[in-house]
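Peer 1: got a predicted model here, sequence first, then my questions.
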2 protein chains.
Amino acid sequence: MTVTLADVAARAQVSPATVSRVLNGNYPVAAGTRERVLRAVDELDYVLNGPASSLAASASDLVGILVNDIADPFFGIMAGAVQSEIGGPGGRAGGERLAVVCNTGGSPERELTYLTLLQRQRADAVVITGGAIEDAEHMEALAAKMERLTDAGTRVVLCGRPPAPGTGAVALTFDNRGGGRRLTEHLLGLGHRVIGYIAGPEERTTTRHRLEGHRAALAAAGLPDGATVHGPYDRSAGYDAALELLRREPSLTAIVAANDSVALGASAALRDTGRRIPDDVSVAGFDDLPFSIDTVPALTTVRLPLHEAGARAGRIATGRENEPPGGVATVHGELMVRGSTAPPRG
Amino acid sequence: MTVTLADVAARAQVSPATVSRVLNGNYPVAAGTRERVLRAVDELDYVLNGPASSLAASASDLVGILVNDIADPFFGIMAGAVQSEIGGPGGRAGGERLAVVCNTGGSPERELTYLTLLQRQRADAVVITGGAIEDAEHMEALAAKMERLTDAGTRVVLCGRPPAPGTGAVALTFDNRGGGRRLTEHLLGLGHRVIGYIAGPEERTTTRHRLEGHRAALAAAGLPDGATVHGPYDRSAGYDAALELLRREPSLTAIVAANDSVALGASAALRDTGRRIPDDVSVAGFDDLPFSIDTVPALTTVRLPLHEAGARAGRIATGRENEPPGGVATVHGELMVRGSTAPPRG
DNA sequence: CTGTTAGCGCCTTCAC
DNA sequence: GTGAAGGCGCTAACAG
């Protein structure tokens, strides 16, 4: 008993094709006819059948967005930005595209599964956010999957992830290495010599690059690698890791965290153990999430233009912006020096 | 070109119908046959055509989630929880649902537009998060739309929004009024008598209920309404509003904010104007977002079980949990007393 | 500018 | 347990 295009056509006394043309707006239709059709649509309260259109046109208005965790503002900001740019005119059937957000939880299998699901939906485009997992087998499977997607006409854009050559995917890479390096250079410049590092999970490009940047700065200053602890990118991991660092290196005067959430946890651990920031220990994060400016003292960090990057990814994904030369663009971070870092005592 | 079900059938030497049955797993198929089919699927790298299945089966595996702003953890947490329960990857073929997250930005029109888009996709279910807009015309249009959705078999679940009687939608309502009341009672108990209130945008149920709870507590204590400023639910609005409150009511000893982000901004304003929290002014928020425990001092607030509520909404939306009696359940908040509130000086 | 004619790829009664 | 047909609702050539 659902209303179909044919019903609308009958009521408007035109052919189904004409109704389709009016609804998709990509074909010339006489104003009077259009008027009649739209009125019929309204009167019958007709809603186009998406699956049927997609099947017939072999194209859908779905855009997939892969994120590690949508509850994490790092991903939420990018996802929101992508979304804000994928709609608008130019698309089919009113030009309204829908964002399918997929939480991978950082799991390689789910990443692949979601891409298959998106492929099944014949998604118009896919934006994959966040760093990649550095497992040879998975990388290969992922590359194959991305290649199949691009072959099928689905635009694939990596946002905050290194390029995947040969897959046809466009990459907006974050300069995690450079940001990590500048951050540590800042601490070295303040006079710190014993710096603990709380890294993210192993086997992730983001983790590795930020750590490499940190160590590059140390090496350039003639210093050896400091104590390092790995853990998830969340607050409680930062808390635990800070305690561990303090145990292993009681003389440290600064802690660099892999991201702001981790830095938040580390700060709490320092406070809970009676240390003051930055008087006793300086703390720095990465990303500059919104809350970072409101910590006390405000967090020194590296600002990543997450919104801008996501928006650009969305535009490229929907063909509203040309892809960067070579399909790769690097997005740089900006060092934000705030109150949580200061010269060491003594 | 693209591999279809028929290709798989040919390779496995069975009929298309059999392949369909294997893939959907809902009909008995001989083990040997299934084996052959799955091998063919694998060899041909076949991926089901979602739109085609949806059309034929007149059902899709898409679940819509409406949020005001996915970059806001309040919504991100709920969206993530819904997603974790709707049966994404991990299950067998057929039970894999995708979440379509729609950012309404709090706009009534976009809310309706997205619902229409979801209806067009023949979404399996729709979860609408966050408070409702209290505009008669919009409420009516929204109710009509929800009714049409439920009539078409789409389950509609409201998460953190008052019930919409007669629409067939299930509601998990937040007890904003009760939470707001308990929070203010806490401040009154500490001895505060001049309390400023930073409310959310007008014409939203969440705003109104929290404010009503606040005023109910004041009234019960025989106190008149205090100074109130309305604004968006974000940090900068809180900053500005706090300055405005201080101007209008220099003697206030406490500020209650409509939510934690607003409280964060208000706190910053207090600090920037040389006031100490809670010594000079107590501050309280609402929601207990993850960052709230890490502010200094930690924020007194009302904890809303966002994850639990979202997860439950997801289960109800996918029929894995029965709907509550009468289609309505109230979710209560918990007062979290922390360091940002203390007795007023003097 | 508008109607006619074929499918798009799959699911789903029916038979066997 | 499996195959054969019909149709889901729409779009996209073609004509006219």
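Peer 2: Happy to help now that I have it.
Peer 1: hmm, stretch A:188-207 in reach of chain B?
Peer 2: No - judged by Cβ under 8 Å from any Cβ of the partner chain, stretch A:188-207 makes no contact with chain B; its nearest approach is 15.4 Å. (Each C-beta comes from the backbone N, C-alpha and C, glycine too.)
Peer 1: list the buried residues in that stretch.
Peer 2: Within stretch A:188-207, the residues that count as buried by 16 or more other Cβ atoms under 10 Å in any protein chain shown are A:188, A:190, A:192, A:195-201, A:204-207.
Peer 1: of those residues, which belong to helices?
Peer 2: With helices taken from DSSP state H, the overlap with the buried residues of stretch A:188-207 comprises A:Leu188, A:Leu190, A:Thr205, A:Thr206, A:Thr207.
Peer 1: quick check: chain neighbours aside, which residue is closest to the first one?
Peer 2: It stands for A:Leu188. Among residues not flanking A:Leu188 along the chain, A:Ala221 sits closest, at 5.1 Å (Cβ to Cβ, 6 or more residues apart in numbering or on different chains).
Peer 1: secondary structure class for A:Ile65?
Peer 2: Classification of A:Ile65 by DSSP: H, G, I helix; E, B strand; the rest coil places it in strand.
Peer 1: and for it, the neighbour number?
Peer 2: Close neighbours of A:Ile65, defined as other Cβ atoms under 10 Å in any protein chain shown, add up to 33.
Peer 1: per-residue confidence at it?
Peer 2: In this model, A:Ile65 is scored at 97, pLDDT.
Peer 1: alpha carbons of stretch A:333-343, as PDB, please.
Peer 2: Extracted C-alpha coordinates of stretch A:333-343, given in PDB (Å, rounded to 0.1, in the frame of the first residue of the first chain):
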ATOM      1  CA  GLY A 333      50.100  21.100  13.000                       C
ATOM      2  CA  GLU A 334      50.800  24.200  14.900                       C
ATOM      3  CA  LEU A 335      52.600  24.300  18.200                       C
ATOM      4  CA  MET A 336      50.400  25.900  20.900                       C
ATOM      5  CA  VAL A 337      52.500  26.900  23.800                       C
ATOM      6  CA  ARG A 338      50.400  27.300  27.000                       C
ATOM      7  CA  GLY A 339      50.700  27.100  30.700                       C
ATOM      8  CA  SER A 340      51.400  23.500  31.200                       C
ATOM      9  CA  THR A 341      55.000  23.800  30.100                       C
ATOM     10  CA  ALA A 342      57.700  25.900  31.700                       C
ATOM     11  CA  PRO A 343      61.400  25.700  32.400                       C
END
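Peer 1: the host helix or strand of A:Ser20 near DNA strand C anywhere?
Peer 2: If you go by DSSP states H and E, A:Ser20 is part of helix A:16-24. Yes - residues of helix A:16-24 contacting DNA strand C under Cβ under 7 Å from any atom of the strand: A:Pro16, A:Ala17, A:Thr18, A:Arg21.
Peer 1: of the buried residues of stretch A:188-207, which is the nearest to A:Phe174?
Peer 2: Proximity of the buried residues of stretch A:188-207 to A:Phe174 (Cβ to Cβ) peaks at A:Thr206, which lies at 7.6 Å.
Peer 1: mind checking how far the closest one is from A:Ala12?
Peer 2: Distance of A:Thr206 to A:Ala12, given as Cβ to Cβ, to the nearest Å: 55 Å.
Peer 1: ok, now A:Pro108?
Peer 2: 52 Å.
Peer 1: with neighbour numbers in mind, choose between those two.
Peer 2: Legend: neighbour count by other Cβ under 10 Å for A:Pro108 and A:Ala12, higher for A:Ala12 (22 against 17).
Peer 1: which residue packs closest to that one, ignoring adjacent ones?
Peer 2: A:Ala40 (3.9 Å).
Peer 1: from B:Ala144, how far off is that neighbour?
Peer 2: 19 Å.
Peer 1: returning to that earlier point: so what's the residue count around the residue nearest to A:Ala12?
Peer 2: 21.
Peer 1: thought A:His186 was touching A:Thr300?
Peer 2: Yes - counting by Cβ atoms under 8 Å, A:His186 touches A:Thr300, with 7.2 Å between them.
Peer 1: pLDDT weak spots in the stretch 51-200 of chain A?
Peer 2: For the stretch 51-200 of chain A, the stretches flagged by pLDDT under 70 are A:88-95.
Peer 1: what segments of it are strands?
Peer 2: Taking DSSP state E, counting those that start in this stretch as the test, the strands found in the stretch 51-200 of chain A are A:62-67, A:98-103, A:125-129, A:155-159, A:170-174, A:195-199.
Peer 1: show me what contacts the residue nearest to A:Thr273 when sequence neighbours are not counted?
Peer 2: Spatial nearest neighbour of A:Thr273, chain neighbours left out: A:Leu246 (6.8 Å); criterion: Cβ to Cβ, 6+ apart. Applying Cβ atoms under 8 Å, 6 or more residues apart in numbering or on different chains, we find A:Leu246 in contact with A:Gly196, A:Leu252, A:Ala269, A:Leu270, A:Thr273.
Peer 1: so which residue is smack in the middle of chain A?
Peer 2: A:Thr129 (3.3 Å; Cα atoms, centre = their mean).
Peer 1: wait, it sits on A:Ala81?
Peer 2: No - between A:Thr129 and A:Ala81 there is no contact under Cβ under 8 Å: 9.9 Å.
Peer 1: give me the common contacts of those two.
Peer 2: Both A:Thr129 and A:Ala81 are contacted by A:Gly310, A:Ala313, under the criterion Cβ under 8 Å, 6+ apart.
Peer 1: sorry, back to before: neighbours of the residue nearest to A:Leu188, just the number please.
Peer 2: 12.
Peer 1: I'd assumed A:Gly189 was in contact with it.
Peer 2: No - using Cβ under 8 Å, A:Ala221 is not in contact with A:Gly189, being 9.4 Å away.
Peer 1: show me where the stretch 1-150 of chain A has helices.
Peer 2: Taking DSSP state H, counting those that start in this stretch as the criterion, the stretch 1-150 of chain A carries its helices at A:5-12, A:16-24, A:31-44, A:50-57, A:73-86, A:108-120, A:136-151.
Peer 1: the residue of the stretch 51-200 of chain A found nearest DNA strand C: what's it in contact with?
Peer 2: Here the residue of the stretch 51-200 of chain A nearest DNA strand C is A:Ala56; by Cβ to the nearest atom of the strand that distance is 3.6 Å. Not one residue lies near A:Ala56 by Cβ under 8 Å, 6+ apart.
Peer 1: any idea how far DNA strand D is from it?
Peer 2: Using Cβ to the nearest atom of the strand, to the nearest Å, we find A:Ala56 at a distance of 3 Å from DNA strand D.
Peer 1: out of everything not next to it in sequence, what's closest to A:Gln13?
Peer 2: In space, and not counting its chain neighbours, A:Gln13 is closest to A:Arg36: 7.3 Å by Cβ to Cβ, 6+ apart.
Peer 1: so what's the residue count around that neighbour?
Peer 2: Around A:Arg36 there are 18 residues (other Cβ under 10 Å).
Peer 1: hmm, the residue nearest to A:Ala12 is touching A:Arg11, no?
Peer 2: Yes - taking contacts as Cβ under 8 Å, A:Ala40 lies within contact range of A:Arg11: 4.1 Å.
Peer 1: name whatever forms a beta bridge with the residue nearest to the centre of chain A.
Peer 2: Taking DSSP bridges as the rule, A:Thr129 bridges to A:Cys159.
Peer 1: enumerate every residue touching it.
Peer 2: By Cβ under 8 Å, 6+ apart, the residues touching A:Thr129 are A:65-68, A:75, A:78-79, A:82, A:159-161, A:310, A:313.
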